[in-house]
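Trainee: Have a look; sequence and predicted model below, questions after that.
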Amino acid sequence: MEDKLLVLRCKRGRADALGRIYEKYKKDLLVLAMALLNDTSAAEDVVHDVFVSFVRSIEKFRLTGSLKGFLLTCTANRARNVNKAKCRQGVGLDSVEAVDSRSDDPPCSIVCNEQLGQLSRAMAELAYEQREVIMLHFQAGMTFKTIAKSLGISVNTAKSRYRYGLDKLRLLLDHEVEE
Amino acid sequence: MNPEDRIKGLISTSDVVTGPETDTRILGEALERLNLGQKKTPLACPEPNIWRSIIKSRTMRFATVTVVTGLMLFTYVFVSTPKSVVLAGVLEKVEQAQAYKYKMNMTFTERTNPEKPMVQRIEGMITFSDEYGTKLETCEKWEADKNSDTGKVTTKIRYRLPKRRLDVLIKPDQKKYRWTKLDDDSTAEEKEHNDPREMIKQMLHCEYTNLSRSVINGIEAEGFETTDPKWTVGMTEHFEGVRVKLWVDAETWLPVFWETDMRINEQMSLRTVFYDFQWDIPVAASDFQPVIPSDYTSMDNYALPSMFEEEALKGLRFSVEIFGRYPEKIDQTSLASDPYFLRNKENLTDAGLKLKEELESLAPEQSMQKAMELSEIVQSIGVFYELLVKAGRDPAYYGQTVGPEDIDKVLLRWKQDNGHYRVTFGDLSARTVTPEKLAELEAALPK
């Protein structure tokens, strides 16, 4: 109910409502973007774009499900585009180290805690498609059916990406603990 | 622990911290767009434009944005044979310049009320580089203003740095600055639209005449003039008149003076002059490196509680106005938006009763809509309080025991960055006090 009211207030141009939506979900969105991209700057860009896009379409926007789910899906979609663009440029995100702000960039950036660092590092070792399914399932709470529909793949493919990804993650995390 | 639980645990404990500047970078543009949408300012260009930043008044902003972005929105297509070899030659010369600089003088006059005309003048220096971006230094002055801003002067320095995807605004008068992230669209548009070279391209598409040679600022110059309404193509506003004159150095074929007079209607006009052009100048990266002194603070217009404090005070004031008291609780549940606001309320003030009658006189749908809007005014207190809680600002609210008559009693308090407390008293006056003073004030509260 609260989200519906916030959306309604956003439609009326209320900055405080948009601020509340951001405060409420920024952590989830940034964690998802970080886990998918392993790049603080790119994660920030993605969430920035999600909110700009949200405001752009606010007049026509109808909240039919959960706002959090909607924003997380938008974040995953944007992150996928970023990943594709990077791949086209020949810079696989998998090979990119997590970077904080450079000296010529704005002075502050998002700061990740140890767990998020560990998560995004481990995720970076997986194929992007596997990360995406794992995060959408765990963080966005989406069913495999919904994920499959959202990604345009079969439910079985979604499940197998999840399973293979999880197996690899287990090995990676075990290895990290041993080290 | 199985891998699923481990991953779940890792995700649930993953966290990020964002400072106010990061929040502003992420959300600033969305807020700005929301704000523009709310004002329904009819912009010719949907993206933020550098020219908008130099204009203070909404009217002026509207007029100028319409004019300037309209001029620059024109997409140049090499479709027709140029009408004048000379003007096409000017364009060719200008396009060879990798960096240039010019001064600007813009005057907006509004005479809606003949007794109180409004005049705003903006003087500025623009440095443009294909390599680094744009630097705009302006000084805005209200020579006459119906809102008592007459004589007010504001200086601003703005950097648009497409390669770094940054827009940086510095207000030396206020010792404030703001970083805004540019997205791909606005970066691309900036490249196309904030380059006065586009204006020459546009002139080529208009009917124009050659002016006889003249000496402009000591330079022998040849002029071109257009009054073609096509000049306004792309603008959302109808203009009753336009006159554009471009003067170019007769020897170098580079522009030396540009004047544009636009008449929006009988009451509103805008005159823009570009002069002192310096073409193909050397520039360095350091010219486009924003310098922000250490004592400047961020114009963090979203994250700072002060913005919401103002809204919250409005809510508290409104509550007293209609209920004669402050809300007892200010959590979100207690203050949720209510389509039946005032319907079953008793003990209303005269103003509250009047408002209630007004609501009852409306059609049901309108009444609910209006009631929602009114309840949201009160709800802003809860929004503010929740923000304070989330920000760890140690807030406390005493609406149950403190009323409007309690001028020296703490109604609301929250901790500031410097460790002191912002205290709002029963009469809604506010003061910043030390923690010790706060303890003293709170000890005096009714039990």
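Mentor: Structure received. Numbering: from 1, shown residues only, chains lettered A, B, ... in the order given.
Trainee: is it true that B:G124 touches B:Y102?
Mentor: No - taking contacts as CB atoms under 8 Å, B:G124 lies outside contact range of B:Y102: 9.3 Å. For every residue, glycine as well, the C-beta is placed using N, CA and C.
Trainee: what sits against the nearest residue to B:E251 once chain neighbours are set aside?
Mentor: Nearest non-adjacent residue to B:E251, counting by CB to CB, 6 or more residues apart in numbering or on different chains: B:E220, 7.3 Å away. B:E220 makes contacts with B:R213, B:S214, B:D249, B:A250, B:E251, as judged by CB atoms under 8 Å, 6 or more residues apart in numbering or on different chains.
Trainee: So which of the residues you listed belong to helices?
Mentor: Applying DSSP state H to those, no entry is found in helices.
Trainee: Tell me which two of the residues you listed sit farthest apart.
Mentor: Farthest apart among the contacts of B:E220 by CB to CB are B:S214 and B:E251. That separation is 14.2 Å.
Trainee: These two: who's more crowded?
Mentor: Neighbour count, other CB atoms under 10 Å in any protein chain shown: between B:S214 and B:E251, B:S214 has more, with 13 against 10.
Trainee: how far away is the more buried one from B:M104?
Mentor: 21 Å (CB to CB, to the nearest Å).
Trainee: Ok, B:S212 next?
Mentor: 26 Å.
Trainee: Mind checking which of the two has more residues around it?
Mentor: Taking neighbours as other CB under 10 Å, B:S212 and B:M104 compare with B:M104 leading, 21 against 6.
Trainee: how about that one, what does it touch?
Mentor: B:I122, B:E123, B:G124, B:M125, B:I126, B:T138, B:T272, B:V273, B:F274, B:Y275.
Trainee: so who does the fifth one touch?
Mentor: The one in question is B:I126. Counting by CB under 8 Å, 6+ apart, B:I126 makes contact with B:K101, B:Y102, B:K103, B:M104, B:T134, B:K135, B:L136, B:E137.
Trainee: Filter these down to the buried ones.
Mentor: Among the contacts of B:I126, those scoring as buried are B:K101, B:Y102, B:M104, B:T134, B:K135, B:L136, B:E137 (criterion: 16 or more other CB atoms under 10 Å in any protein chain shown).
Trainee: circling back to that earlier point, what strand or helix carries the residue nearest to B:E251?
Mentor: Per DSSP states H and E: B:E220 is located in strand B:219-226.
Trainee: Okay, now the sheet partners of that strand, with direction.
Mentor: strand B:209-216 (antiparallel), strand B:241-249 (antiparallel) (DSSP bridges).
Trainee: picking up where we left off before, can you list which of the contacts of B:M104 are found in helices?
Mentor: Going by DSSP H, the helices hold none of the contacts of B:M104.
Trainee: Mind checking which of those are in strands?
Mentor: B:I122, B:E123, B:G124, B:M125, B:I126, B:T138, B:T272, B:V273, B:F274, B:Y275 (DSSP state E).
Trainee: any chance of these in a markdown table, with pLDDT too?
Mentor: Output for the ones in strands among the contacts of B:M104, formatted as a markdown table (pLDDT from 0 to 100):
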| residue | pLDDT |
| --- | --- |
| B:I122 | 88 |
| B:E123 | 91 |
| B:G124 | 91 |
| B:M125 | 92 |
| B:I126 | 92 |
| B:T138 | 90 |
| B:T272 | 88 |
| B:V273 | 91 |
| B:F274 | 92 |
| B:Y275 | 91 |
